[in-house]
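**Student:** Predicted model and sequence below, questions to follow.
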Amino acid sequence: MRGCEWCAYKETEWLLYQSLHWSVYLADRQDYVGRCILVLNRHCGSLSELDVPEWMELKTIINRLEWIYKEVLGAELCNWSCLLNNFYKELVPNPHLHIHVRPRYKNAVVINDHAYIDTEFTHHYALKKESIVLDDDRKVLYALMKKHCVF
């Protein structure tokens, strides 16, 4: 759809997985280790507009990502959010369905001998939190997650 940043998004550097209906990206801002964004490949403004194949594929992606977060990275739980609020700040809202996932860690995550601690564990995630993962560590994290993104 014209004028939609997600429809026009062509970045593949941080693409973890792409299917018929969904694309999964390691988020630019790693405010939570492994934070990802799932983007519906077609323009759609609401969860209620998903069709059955899109829901089924989303369920498969959720299962795999939660396995990666818990079994590979040691996450305790995952926070999933589909907010869409920023689209409605525009004069003519044009929402595109996407979902943020923030894995949450009870224990430190260690990448390249750097320990990352979830200081808000057991609390709601913090908005506008700064990225905590170093660039080199993000590359290692991406490679590790990509290796396990087999659906």
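**Tutor:** Perfect, thanks for sending it. What you are looking at is a predicted structure, and each value in this text was computed from that prediction instead of being measured.

**Student:** residues near residue 45, how many?
**Tutor:** 16 (other C-beta atoms under 10 Å). (Glycine included, C-beta is placed from N, CA and C.)

**Student:** That one: what's it in contact with?
**Tutor:** Listed by C-beta atoms under 8 Å, 6 or more residues apart in numbering, the contact set of residue 45 reads 84, 87, 94, 95, 96, 97.

**Student:** farthest pair in those residues?
**Tutor:** 94 and 97 (11.6 Å; C-beta to C-beta).

**Student:** between the two, who's got more neighbours?
**Tutor:** residue 97 (22 against 16).

**Student:** Would you check that that one makes contact with residue 82?
**Tutor:** Yes - contact status for residue 97 versus residue 82: in contact at 6.9 Å, counting by C-beta atoms under 8 Å.

**Student:** what touches both of these two?
**Tutor:** Residues touching both residue 97 and residue 82 by C-beta under 8 Å, 6+ apart: residue 47.

**Student:** For this structure, which segments count as helices?
**Tutor:** For the chain, the helices defined by DSSP state H cover 5-8, 52-67, 135-148.

**Student:** can you put those helices in a markdown table and add distance to residue 33?
**Tutor:** Formatted as a markdown table, the helices of the chain follow (distance: least, C-beta to C-beta, whole Å):
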| stretch | distance to residue 33 |
| --- | --- |
| helix 5-8 | 24 |
| helix 52-67 | 13 |
| helix 135-148 | 7 |
